[in-house]
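# Sequence first, then the predicted structure, then my questions.
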Amino acid sequence: FFSSRRRHTRFRNVTGVQTCALPICTPLYDIHVALGGKIVPFAGFEMPVQYPTGITAEHNAVRKAAGLFDVSHMGEFLITGPQAVEFVNAVTTNNVAALEIGQVHYSGILNERGTFEDDCLVYRFKDHVMMVVNASNKDKDFAHISRQVSRFDCKLEDISDDVALLALQGPQAQAILSRHTDANLDAIKYYYFTQGTVGNVKNVIISRTGYTGEDGFELYFDPAHAESLWRLLTAHGDVTPAGLGCRDSLRLEMGMALYGNDIDDTVTPWEANLNWLVKMKKGDFTGRAALEAQKAAGITKKLVPFTIADRAFPRHGYPVFVNGQPSGEVRSGTMSPSCGMGIGTAYVPIAHAKVGNTLEVDVRGKRVTGTIVETPFWKQGSHK
């Protein structure tokens with residue numbers, strides 16, 4: 001669909017009439033409303049946080065069977081030209097040159113201080129590269145990386161308005177999608193993708209990726225087909241519509257970072273426990289010098305995952321204490337439906353960031369003990 005793009009007002013429904021006021025709608029807004037979705041503002045969009053089934057039921061459906069998420073709010077950048085790979089390598093932390101054609105990786109977009117402007121996915125095609133960024137950071141990201149594009153023989157475009165995105169996630173995702181596609185899903189490895197037909201929609205990017213820890217696929221396609229593909233995938237009644245609420249609990253159980261919570265422009269990959277997505281040997285990239293300097297000086301804090309044995313709920317923003325002293329706040333936190341306990345993340349002094357050490361969380365005026373553990377919290381995910 002990249003070759004025949006047309007400009008949408010982000011987004012209108014298939015009738016061409018946008019039925020929600022600002023914030024912006026995705027092309028599935030009317031379906032979410034018809035399904036009884038609880039609509040909330042999110043990253044400038046009107047998005048369903050949950051449906052009448054409830055967050056826990058949606059969460060469990062993804063863990064046990066399959067759920068379908070509308071993630072059309074995400075941003076997509078298209079990079080074309082002879083030096084597309086070199087450009088994306090210069091503005092992200094991972095090594096794009098090491099990607100195979102048809103492979104995708106997770107990466108960071110840093111500023112000159114070495115802290116996160118955003119995290120992203122990078123897709124390598126035969127003749128172009130696509131970056132997928134967070135909706136709340138899309139415009140900022142585009143402006144940030146645009147500053148370097150003149151150094152390379154390539155073209156950078158924001159194609160977000162021309163891309164809808166569905167995430168079919170869960171252990172039954174492959175069996176469900178296989179009913180409707182000509183693609184060989186067995187041949188798509190984890191963090192790889194292909195292009196194929198789904199239903200009657202051609203040129204769908206079928207990516208074996210997700211934000212849940214379960215097997216599943218993310219489908220990128222022309223927004224004009226959003227309603228028809230949603231109805232197709234849910235027609236048999238074995239796919240549960242899933243909202244932002246369970247998307248958050250699912251990703252946290254897997255220890256996956258969320259921008260604005262676990263990572264932001266105050267922390268570096270070294271501090272965020274994301275060393276693995278920084279490839280220092282690949283050459284220069286934005287933030288590299290700052291990361292070198294911080295590594296030489298030594299980091300002073302680190303993001304750690306923790307659990308709470310009792311059923312206390314460590315919500316985002318609750319104060320955290322280490323050895324009785326303030327240590328920031330809970331960055332992400334929830335009552336884990338899969339684990340049956342409170343789980344969360346927080347930054348603690350580096351000397352204290354060891355598995356088995358404890359911290360305290362102030363839960364509504366009462367300090368409860370958390371124990372630093374390894375991630376993922378949920379270790380039985382079906383992702384390949």
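Ah, there it is. Please read these numbers as outputs of a predicted model, since none were measured by experiment. Residues are numbered from 1 along each chain as shown.
# Spatially, which residue comes closest to D262, not counting chain neighbours?
Excluding the flanking residues, the one nearest D262 by Cβ to Cβ, 6 or more residues apart in numbering is R331, at 4.8 Å. Using the backbone N, CA and C atoms, a C-beta is placed for each residue, glycine as well.
# what about the one you found, how many neighbours?
25 (other Cβ atoms under 10 Å).
# Quick check: pLDDT value at M254.
The confidence metric pLDDT takes the value 97 at M254.
# and it, how many neighbours does it have?
19.
# how about it, what does it touch?
Contact analysis of M254 by Cβ atoms under 8 Å, 6 or more residues apart in numbering lists T212, G213, T375, P376, F377, W378, G381.
# Span of stretch 60-78 from start to end?
Start-to-end span of stretch 60-78 (Cα to Cα, to the nearest Å) is 35 Å.
# Which residue ranges of the stretch 251-384 of the chain form strands?
301-308, 319-322, 325-329, 332-336, 341-349, 358-363, 366-372 (DSSP state E, counting those that start in this stretch).
# Those strands: which one's closest to N203?
Closest to N203 of these is strand 332-336 (Cβ to Cβ; 35.8 Å).
# so how far is F306 from A351?
16 Å (Cβ to Cβ, to the nearest Å).
# higher neighbour count, these two?
For the pair A351 and F306, the greater number of neighbours falls to F306 (25 against 11), based on other Cβ under 10 Å.
# so that one makes contact with G370?
Yes: between F306 and G370 there is a contact under Cβ atoms under 8 Å: 3.8 Å.
# who touches both of those two?
With Cβ under 8 Å, 6+ apart as the test, F306 and G370 both reach P314, G344, A346, L359.
# so which of the residues you listed comes closest to S146?
A346 (34.4 Å).
# Next one, pLDDT for that closest one please.
98.
# And K126, how far from L99?
Distance from K126 to L99, by Cβ to Cβ: 12 Å.
# Now do the same contact list for the residue nearest to D264 when sequence neighbours are not counted.
Spatial nearest neighbour of D264, chain neighbours left out: F116 (6.1 Å); criterion: Cβ to Cβ, 6+ apart. Contacts for F116 (Cβ under 8 Å, 6+ apart) come out as G108, I109, L110, Y259, I263, D264, D265, V267, T268, P269, A272.
# my guess is the fifth one contacts W270, does it?
No: in this structure, I263 sits apart from W270 without contact. The criterion is Cβ under 8 Å, and the distance is 11.7 Å.
# quick one, phi psi at the residue nearest to D264?
phi -80, psi 120 (degrees, to the nearest 10).
# can you check G67 too?
Per degrees, to the nearest 10, the backbone of G67 is at phi -130, psi 150.
# T212: how many residues sit nearby?
28.
# Could you find the closest non-adjacent residue to P326?
P319 (6.6 Å).
# got the contact list for that neighbour?
Counting by Cβ under 8 Å, 6+ apart, P319 has contacts P326, E329, V361, D362.
# so how far is S332 from it?
15 Å.
# go on, F77?
26 Å.
# Check T268 too.
18 Å.
# likewise Q174?
Q174 is 29 Å from S332, by Cβ to Cβ.
# Between these two, point out the one with more neighbours.
S332 (24 against 19).
# follow-up on the earlier one: does the residue nearest to P326 have beta-bridge partners, and which?
According to DSSP bridges, the residues that bridge with P319 are E329.
# what do you get for M131?
Beta-bridge partners, per DSSP bridges, of M131: F77, V122.
# right, and it touches A84 too?
No: contact criterion Cβ under 8 Å: M131 and A84 do not qualify, at 10.4 Å.
# Buried residues of stretch 105-118, list them for me.
Residues of stretch 105-118 classed as buried: H105, Y106, S107, G108, I109, L110, R113, G114, T115, F116, E117, D118 (neighbour count, 16 or more other Cβ atoms under 10 Å).
# Look at stretch 165-175 and report the distance between its end residues.
End residues of stretch 165-175 are separated by 20 Å (Cα to Cα).
# Helices of the stretch 201-350 of the chain, start to end?
226-234, 244-253, 288-297 (DSSP state H, counting those that start in this stretch).
# So A97, which state does it fall into?
Here A97 is helix, with the state taken from DSSP: H, G, I helix; E, B strand; the rest coil.
# Count the residues that sit near it.
Neighbours around A97, by other Cβ under 10 Å: 13.
# quick one, what contacts it?
For A97, counting by Cβ under 8 Å, 6+ apart, the contacting residues are V85, E86, N89, K282.
# just checking, which of the residues you listed belong to helices?
Members of the contacts of A97 lying in helices (criterion: DSSP state H): V85, E86, N89.
# which other residues reach the strand or helix carrying I109?
In the assignment (DSSP states H and E), I109 maps to strand 103-110. Applying Cβ under 8 Å, 6+ apart, the contact partners of strand 103-110 are 91-94, 96, 99, 116-124, 133, 141, 144-145, 191-193, 207, 209, 268-269, 274, 277-278, 285-287, 290-291.
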